[in-house]
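Q: give me coordinates for this.
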Amino acid sequence: MVSAGELLIATPGMHDGTFDRTVIFLLDHNEEGSMGLVLNRPSGIAVTDALPVMATLADPAELYLGGPVEEGTALILAEPIDPALPDMHYMRGGVGLFDMADPGEVDSSGLIRARVFSGYAGWGPRQLESELRAGAWITASMEPSDLWSESDDSMWARVLRRQGGLTRFLASYPDQPWLN
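A: You can find the predicted model right below:
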């Protein structure tokens, strides 16, 4: 139904403040649960203020809100020069995740680029499958440009449009249809 390395796109009916019009990169999905990062929620906080050790490599230099779980935890999505870098977790499509338990241990010289997130999106066992069956999410293939896009406001619509078929029409769904 869904695999790690794919995108989850929130359907237009999801109007909660956390996941409204989000695009999530699914890092892990197994019988114990699922974990991903919201790709299109910049926080307005500079990385230099939140995690100075990553300031020179963060692209863009803004902290992203990865999801509502462990919001105080810094996670770094990174593209390493060497994909076998031992400190990387959840390697998918040439990118992986650094656990920032000890930010002083990160050797940013081994990275091509990185994006810093606060928190992540998480689901318990079978929770994501249930949400997929209920129609809360659309799954899509990830393209490398999705991970590093700076057009956060248009990402949701752009990813929907490239799905083709009837799904592409959801990209023009109004923000507040009850006002039309």
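
Q: now the one helix or strand residue 27 maps to: how far from the chain's centre is it?
A: Per DSSP states H and E: residue 27 is located in strand 23-30. Strand 23-30 sits 8 Å away from the centroid of its parent chain (C-alpha atoms, centre = their mean, to the nearest Å).

Q: which neighbouring elements make contact with it?
A: Counting contacts by 3 or more C-beta pairs under 8 Å, 6 or more residues apart in numbering; DSSP states H and E, strand 23-30 packs against strand 7-10, strand 33-38, strand 89-92, helix 144-148, helix 152-161. (C-beta placed from N, C-alpha, C; glycine too.)

Q: least confident of the ones you listed, on average?
A: Mean pLDDT is lowest for strand 89-92 out of the helices and strands packed on strand 23-30, coming in at a mean of 77.

Q: for that one, buried residues please.
A: By neighbour count on 16 or more other C-beta atoms under 10 Å, the buried set for strand 89-92 is 90-92.

Q: other SSEs contacting the helix or strand just after it?
A: Next in sequence after strand 89-92, counting helices and strands by DSSP H and E, comes strand 95-99. Strand 95-99 is packed against strand 69-80, strand 89-92, with contacts defined by 3+ C-beta pairs under 8 Å, 6+ apart.

Q: paired strands for the shortest one, with orientation please.
A: This means strand 89-92. For strand 89-92, the paired strands and their directions (DSSP bridges) read strand 95-99 (antiparallel).

Q: same deal with the longest one?
A: Strand 69-80 has these partner strands in its sheet, going by DSSP bridges: strand 95-99 (antiparallel), strand 111-123 (antiparallel).

Q: now do the longest one, average pLDDT.
A: If I follow you right, that is strand 111-123. 92.

Q: need the CA coordinates for that strand. PDB is fine.
A: The C-alpha coordinates for strand 111-123 follow below in PDB (Å, rounded to 0.1, in the frame of the first residue of the first chain):
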ATOM      1  CA  LEU A 111      27.500  16.100   3.100                       C
ATOM      2  CA  ILE A 112      26.400  17.600  -0.200                       C
ATOM      3  CA  ARG A 113      23.500  19.400   1.400                       C
ATOM      4  CA  ALA A 114      21.100  19.100   4.300                       C
ATOM      5  CA  ARG A 115      17.800  20.400   5.700                       C
ATOM      6  CA  VAL A 116      17.200  20.800   9.400                       C
ATOM      7  CA  PHE A 117      13.900  19.700  10.900                       C
ATOM      8  CA  SER A 118      12.300  20.000  14.300                       C
ATOM      9  CA  GLY A 119      10.300  16.900  15.100                       C
ATOM     10  CA  TYR A 120       8.800  14.400  12.800                       C
ATOM     11  CA  ALA A 121       5.500  12.800  11.800                       C
ATOM     12  CA  GLY A 122       4.900   9.400  13.300                       C
ATOM     13  CA  TRP A 123       2.300   6.700  13.300                       C
END
